[in-house]
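Enquirer: here's my sequence, what's the structure:
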Amino acid sequence: MFHGPQRMTETEFLSALRTLPLHKGARDLRDDCALIEIGDEILVFNHDTMVEDVHFRREADLSDVAWKLVAVNLSDLAGKGAEPVGMMLGHSLGGNDLEFVKGLREVLAVYDIPLMGGDTVAATGATTYCITAIGRATCRPVPSRMGAQVGDGVFVTGTLGRAMLGFEGIREHFAAFDRPVPRLSEGRALAPRVTAMMDVSDGLLLDIYRLANASGVTMAIDSRSVPVAAPTRRSECMRWGDDYELLFTMPGGEAPPVPATQIGTVTQRGRAPLMLDGEPIAAADGLGYQHG
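Expert: Numbers count the residues shown, from 1 in each chain. The predicted structure follows:
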């Protein structure tokens with residue numbers, strides 16, 4: 001009997017990929033970036049995609065789309081404390097391509113990153129853009145999601161929810177959604193000090209859940225401590241995503257070398273990876289954005 005194609009969720013697809021031969025630098029596909037050691041250097045690789053009507057509206061300014069595409073890749077490098085080396089672009093022709101090039105020129109100039117090549121195709125469906133970012137690690141070991149220890153503090157940079165408000169049309173927050181700023185310098189300063197680190201892209205609570213799961217611990221979070229752009233919508237600010245701040249853990253009692261807010265502590269693994277205001281959160285559903 002023909003059952004037709006089987007559609008997977010993102011989590012299911014990643015589980016299927018883990019049955020394939022993996023490079024040791026893939027970190028079992030449980031981290032944001034892959035690592036390759038060459039001589040005295042560790043290169044850090046990241047790949048992100050943006051799809052029309054999923055990550056940006058059809059009527060979006062493509063110069064902003066180009067900026068954001070680069071920025072979200074740089075944000076993953078920031079979570080590894082990496083220094084950008086270059087980028088490779090996958091581009092679908094058919095939109096306002098000159099406007100896309102304009103935005104790409106602007107963001108590459110701001111962050112002093114060269115374009116190294118890529119691929120161009122003619123799109124027949126939804127426009128898709130992707131970038132592979134290459135960075136150089138600035139410390140050893142390279143921060144991962146897997147090192148948080150019991151007794152650590154849980155910290156986040158910046159203010160959560162600004163991208164959500166920008167998406168909703170609040171002018172003072174437009175830039176947070178259209179042209180996010182990756183925390184590259186903060187990532188490099190934090191890298192030698194943190195026990196675990198990642199960027200916040202799919203929602204703070206979901207990314208805390210992932211960080212705790214990867215480290216095999218529970219993270220106890222006080223929602224009132226989370227810096228949010230709209231205090232009356234605190235829950236939404238913690239779940240909406242697109243913030244591109246840094247989420248990290250440090251040994252208890254240590255102060256971060258960059259502006260950041262402590263929002264919780266790391267405890268022994270209990271009933272769930274996340275304790276939110278004393279309540280165990282055992283499933284990731286509803287904590288943030290997940291594909292599929």
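Enquirer: what bridges to Asp48?
Expert: Ile131 (DSSP bridges).
Enquirer: for Leu165, see how far away it is.
Expert: Going from Asp48 to Leu165 by Cβ to Cβ, to the nearest Å gives 23 Å. Placement of C-beta: from N, CA and C, glycine included.
Enquirer: so who does Tyr209 touch?
Expert: Contact analysis of Tyr209 by Cβ atoms under 8 Å, 6 or more residues apart in numbering lists 273-274, 281, 284, 287.
Enquirer: repeat the analysis, applying 6 Å as the threshold.
Expert: With contact set as Cβ atoms under 6 Å, 6 or more residues apart in numbering, Tyr209 has these partners: 273-274, 284, 287.
Enquirer: one more: Cys139?
Expert: Taking Cβ under 6 Å, 6+ apart, one finds 81, 191-192 in contact with Cys139.
Enquirer: do Ala212 as well
Expert: Ala212 makes contacts with 219, 273-274, as judged by Cβ under 6 Å, 6+ apart.
Enquirer: out of those, who has the most neighbours?
Expert: Among the contacts of Ala212, Met219 has the most neighbours (other Cβ atoms under 10 Å), with 28 neighbours.
Enquirer: moving C-terminal of the longest helix belonging to the chain, what's the next helix or strand?
Expert: Longest helix in the chain, counting residues (DSSP state H): helix 62-78. Per DSSP states H and E, helix 62-78 leads on to strand 82-93 as the next helix or strand towards the C-terminus.
Enquirer: returning to what we had before: helices and strands around the longest helix of the chain, which ones?
Expert: Counting by 3 or more Cβ pairs under 6 Å, 6 or more residues apart in numbering; DSSP states H and E, the packing neighbours recorded for helix 62-78 are strand 41-51, helix 97-110, strand 128-137.
Enquirer: rerun that using 10 Å as the cut-off
Expert: Here helix 62-78 touches strand 41-51, strand 82-93, helix 97-110, strand 128-137, helix 174-178, helix 184-190, strand 196-200, strand 245-250, going by 3 or more Cβ pairs under 10 Å, 6 or more residues apart in numbering; DSSP states H and E.
Enquirer: right, I'll call it a day here.
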